[in-house]
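**Student:** got a sequence here, can you build the structure:
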Amino acid sequence: MAIPPVPTLPPQVAEAVDFLWAFLSTWWWVPLPFLLASLLKDFYLWWRYNVYWGKIDWVLLELRTPRDVERPMKAMEQVIANFWTLYDPPDFKEIWFEGKFLVPFELEIAGIDGNVHFFIRTPSSMRKVFESAVYSQYPDVEIVEVEDYTKQVPQDLPNENWDMWGCDFKLVKPECYPLKTYVDFFEPTTSEKEEKRIDPLAVLIEGMTRLKKGEQLWFQIRLKPVQDKDSHWIARGKKEIEKITGRKPKEAPNKSITGEAIWAFMEGRPPSFEVTKEEEKAWPVEMRLTPGERDILSAIENKIGKLGFESNVRMIYLGENEAFFKPNLKLILNFSVGMSTSNLNNIMPTRTTKVVAPAPFRKRKLYMKKKRMFRRYIRRQTPLYPWSGEPGKTTFALNTEEVATMFHFPSKAGAPTPTFERIEAKKAGPPLALPVEE
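**Tutor:** Just a heads-up that it's a prediction; the model follows:
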């Protein structure tokens, strides 16, 4: 049986294929720098950031409150607003040669063996800024540098003697929708006697004071002051307002007024800008919105009108095996429910130390997830470190009002239990007219 001849390419096609192969085999490396430029840039900046991060000297400041805190919660919002003044974006040289970035800080509340502590973690170079901000509104608060409380537990958690559960928090709706804040809890005429009943932080503080020896509950808010050009959270809020009101985003006109008038005359219709004005005059926005939509618009405008922080919120419950009590996890859920509303926004746990995996791998995966959560907490890292993630998803914007609601000093009525550490005597300086010996 004769073997059929092997088909061959036409001479022109074969010549083109040979030329293409010779070209690619010689110049294949040329597009590689362009294809890898973004990846190489990210690796370089990540390296420079880590070098810069390693040079920062961190301090942990404990805030010890007097027996009676009489300042309104608006004072804490002013303190948080003063923290925003740390905003100092790096320039080109600082980014590419020094690795400088917007340094975050942390506001933390820790319940340890039934005692509650308030902390601020900050670079030592910024310590005076934080102290001045706190003293300006709370002159009776005592600020003390202390050892990091996260180092008082085994650093290899979880292990055979300690267990833990942790989570990051996320916003259910876009970050422009605000959470329930202290403004919704407090009335100007509310007496201190009613503060415990309506203080949004009372449920968390009360739960921390009821922890037994060997139990700890840590709450952390990681903050970085930002402007709209950094994360565009205000721009997203304005788009959401346009979406609710039915307004079209403002676009640059494609035609001049004269050109639009000529086209309108040729088509036998009024100019489009005249139609828009007539429609807006006939149907004002207020007439097209329900009362609930007006409340939502007002809330969004209030949020984006205040200073904002790129943030992530997390919580960890840990303890010795003999003291670890799983029902205490409800404290975390109770806190998130207290700041959530059905028409605005909800904050809920995400990336919890709960796994879904085949039985043979479940225990190992759970162990690794808990270890990763614990490491990111004690190192104060972002939820997806070393990846920065996308603003609005892995991190989200909180304004000064929302942060003050999550972190403030409850009054004695708000936290009357004796295990809440307070200063029983106020410190005061010497009288101004006190004679001194020269």
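**Student:** any idea how this structure splits into domains?
**Tutor:** For the chain, the domain assignment from automatic domain parsing gives the residue ranges 39-234+306-423, 236-295.
**Student:** ranking these by mean pLDDT, which is last?
**Tutor:** If you rank the domains of the chain by mean pLDDT, domain 236-295 sits at the bottom with a mean of 66.
**Student:** endpoints of it, how far apart?
**Tutor:** 18 Å (C-alpha to C-alpha, to the nearest Å).
**Student:** just list the residues touching V129, thanks.
**Tutor:** Under the criterion of C-beta atoms under 8 Å, 6 or more residues apart in numbering, the neighbours of V129 are N82, F83, T85, L86. From N, CA and C alone the C-beta is placed, and that goes for glycine too.
**Student:** swap that for E322, please
**Tutor:** G214 are the contacts of E322 under C-beta under 8 Å, 6+ apart.
**Student:** quick one: it and K224, what's the gap?
**Tutor:** 39 Å (C-beta to C-beta, to the nearest Å).
**Student:** over to F309?
**Tutor:** 6 Å.
**Student:** look at these two and report which has more neighbours.
**Tutor:** F309 (26 against 20; other C-beta atoms under 10 Å).
**Student:** put the alpha carbons of the longest helix along the chain into CSV.
**Tutor:** Counting residues, the longest helix in the chain under DSSP state H turns out to be helix 32-54. Extracted as CSV, the C-alpha positions of helix 32-54 are listed here (Å, rounded to 0.1, in the frame of the first residue of the first chain):
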residue,chain,number,x,y,z
LEU,A,32,8.9,41.1,28.7
PRO,A,33,10.0,44.3,30.5
PHE,A,34,6.7,45.9,29.6
LEU,A,35,4.6,42.9,30.6
LEU,A,36,6.4,42.5,33.9
ALA,A,37,6.7,46.2,34.7
SER,A,38,3.7,46.3,36.9
LEU,A,39,4.7,43.2,38.8
LEU,A,40,8.3,44.4,39.3
LYS,A,41,7.0,47.8,40.5
ASP,A,42,4.9,46.2,43.1
PHE,A,43,7.7,44.0,44.3
TYR,A,44,10.1,47.0,44.5
LEU,A,45,7.7,49.1,46.4
TRP,A,46,6.8,46.2,48.7
TRP,A,47,10.5,45.8,49.5
ARG,A,48,11.0,49.6,50.1
TYR,A,49,7.9,49.7,52.3
ASN,A,50,9.1,46.9,54.5
VAL,A,51,12.5,48.6,54.9
TYR,A,52,10.7,51.8,56.0
TRP,A,53,8.3,49.9,58.2
GLY,A,54,11.2,48.2,60.0
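**Student:** contact partners of it?
**Tutor:** Residues from elsewhere that reach helix 32-54 (C-beta under 8 Å, 6+ apart): I95, W96, F97, E98, G99, K100, F101, P386.
**Student:** from memory Y177 sits against I300, does it?
**Tutor:** Yes. Y177 is in contact with I300 according to C-beta atoms under 8 Å; the separation is 6.4 Å.
**Student:** check which helix or strand the spatially most central residue of the chain maps to.
**Tutor:** Among the residues of the chain, the one closest to the centroid is S311, at 1.5 Å (C-alpha atoms, centre = their mean). Counting by DSSP states H and E, the element that carries S311 is strand 308-320.
**Student:** next SSE downstream of that strand?
**Tutor:** helix 330-338.
**Student:** quick one: E402 is in a helix?
**Tutor:** Yes. Judged by DSSP: H, G, I helix; E, B strand; the rest coil, E402 forms part of a helix.
**Student:** didn't it look like it was pressed against C176?
**Tutor:** No. E402 is beyond contact range of C176, at 11.9 Å (criterion: C-beta under 8 Å).
**Student:** give me the contacts around stretch 157-173.
**Tutor:** Outside stretch 157-173, the residues touching it (C-beta under 8 Å, 6+ apart) are 153-154, 177, 179, 312-321, 324, 326, 329, 332, 336, 340, 344-353, 367, 370-371, 373-374, 377, 383, 393, 396.
**Student:** need the buried ones from those residues selected in PyMOL.
**Tutor:** With 16 or more other C-beta atoms under 10 Å as the criterion, this PyMOL line picks the buried residues out of the contacts of stretch 157-173:
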select buried, resi 153+177+179+312+313+314+315+316+317+318+319+320+324+329+332+336+340+344+345+346+347+349+351+353+370+371+373+374+377+383+396
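**Student:** which parts of the stretch 301-438 of the chain are strands?
**Tutor:** Counting by DSSP state E, counting those that start in this stretch, one finds strands in the stretch 301-438 of the chain at the ranges 308-320, 347-350, 396-399, 422-423.
**Student:** for those strands, give me TSV that also has distance to A110.
**Tutor:** Putting those into TSV (distance: least, C-beta to C-beta, whole Å) gives the following:
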stretch	distance to A110
strand 308-320	10
strand 347-350	18
strand 396-399	20
strand 422-423	16
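**Student:** contact partners for the closest residue to E77 other than its chain neighbours?
**Tutor:** By the measure of C-beta to C-beta, 6 or more residues apart in numbering, the closest residue to E77 outside its immediate chain neighbours is A404, 4.0 Å from it. Taking C-beta under 8 Å, 6+ apart, we find A404 in contact with M73, M76, E77, V79, I80, T181, Y182.
**Student:** the strands in the stretch 51-200 of the chain, which residues?
**Tutor:** Along the stretch 51-200 of the chain, counting by DSSP E, counting those that start in this stretch, strands occupy 58-66, 105-112, 115-123, 142-146, 162-171.
**Student:** quick one: the ones you listed as a markdown table, columns for mean neighbour count and distance to W28 too.
**Tutor:** What follows is the strands of the stretch 51-200 of the chain, written out as a markdown table (neighbours: other C-beta atoms under 10 Å; distance: least, C-beta to C-beta, whole Å):
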| stretch | mean neighbour count | distance to W28 |
| --- | --- | --- |
| strand 58-66 | 18 | 48 |
| strand 105-112 | 21 | 48 |
| strand 115-123 | 20 | 47 |
| strand 142-146 | 12 | 58 |
| strand 162-171 | 21 | 43 |
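**Student:** related to what we said a few turns ago, which neighbours do E402 and C176 share?
**Tutor:** Common neighbours of E402 and C176 (C-beta under 8 Å, 6+ apart) are K303.
**Student:** mind putting the strands of the stretch 51-200 of the chain in TSV, distance to W233 included?
**Tutor:** TSV is the format used below for the strands of the stretch 51-200 of the chain (distance: least, C-beta to C-beta, whole Å):
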stretch	distance to W233
strand 58-66	27
strand 105-112	19
strand 115-123	23
strand 142-146	31
strand 162-171	11
